[in-house]
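Chemist: Here is my input, please return the structure:
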Amino acid sequence: MLRYTLMRLGIFAGSFLALWGLVYVGVLPRGLGDSNFLWVLLLSLVVSAPLSFVLLRKQRDDMSVQIVEKVDRAKSRLESNRSAEDAA
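Modeler: All right, here's what the predicted structure looks like:
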């Protein structure tokens, strides 16, 4: 889970730096007044979300499998505890 989170933050940081460069060069418009940082930040969020969805699909699926396994183990332990209490 930590690996996925760090990879997602990396994609966001890369998007932020790339978009900041595009705004600095003048390819993308600057924000109004002093809002340039906020503009680039929001634009980075919008760009990095679909990139993360596509690029991190395998890691997200692996993380999902791990979570399902942990939940199944917890359910089986709970069920075994219930059956042990019923037998007593």
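Chemist: tell me what the helix or strand of the chain with the lowest mean pLDDT is packed against?
Modeler: When the helices and strands of the chain are scored by mean pLDDT, DSSP states H and E, helix 57-87 comes last with a mean of 89. Judged by 3 or more Cβ pairs under 8 Å, 6 or more residues apart in numbering; DSSP states H and E, helix 57-87 is in contact with helix 2-25. Any C-beta I mention is one placed from the backbone N, CA and C, and that applies to glycine too.
Chemist: still on that earlier bit, got the angle between the least confident helix or strand of the chain and helix 2-25?
Modeler: Per axes from the mean of the first three to the mean of the last three Cα atoms, to 10 degrees, the angle that helix 57-87 makes with helix 2-25 is 150 degrees.
Chemist: And helix 57-87, what's buried?
Modeler: Gln59 (16 or more other Cβ atoms under 10 Å).
Chemist: for stretch 18-27, same thing?
Modeler: Quick answer for stretch 18-27 (16+ other Cβ under 10 Å): Leu19, Trp20, Val23.
Chemist: Relative to the whole chain's centre, how far out is stretch 62-73?
Modeler: 17 Å (Cα atoms, centre = their mean, to the nearest Å).
Chemist: Output it as PDB, nothing but the C-alphas.
Modeler: The C-alpha coordinates for stretch 62-73 follow below in PDB (Å, rounded to 0.1, in the frame of the first residue of the first chain):
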ATOM      1  CA  ASP A  62      -2.300  -6.400  -6.400                       C
ATOM      2  CA  MET A  63      -3.200  -4.300  -3.400                       C
ATOM      3  CA  SER A  64      -6.800  -5.200  -3.700                       C
ATOM      4  CA  VAL A  65      -5.900  -8.900  -3.700                       C
ATOM      5  CA  GLN A  66      -3.900  -8.400  -0.500                       C
ATOM      6  CA  ILE A  67      -6.800  -6.600   1.200                       C
ATOM      7  CA  VAL A  68      -9.300  -9.300   0.200                       C
ATOM      8  CA  GLU A  69      -6.900 -12.000   1.600                       C
ATOM      9  CA  LYS A  70      -6.600 -10.200   4.900                       C
ATOM     10  CA  VAL A  71     -10.400  -9.700   5.200                       C
ATOM     11  CA  ASP A  72     -11.000 -13.400   4.400                       C
ATOM     12  CA  ARG A  73      -8.400 -14.400   7.100                       C
END
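Chemist: Okay then, goodbye and thanks.
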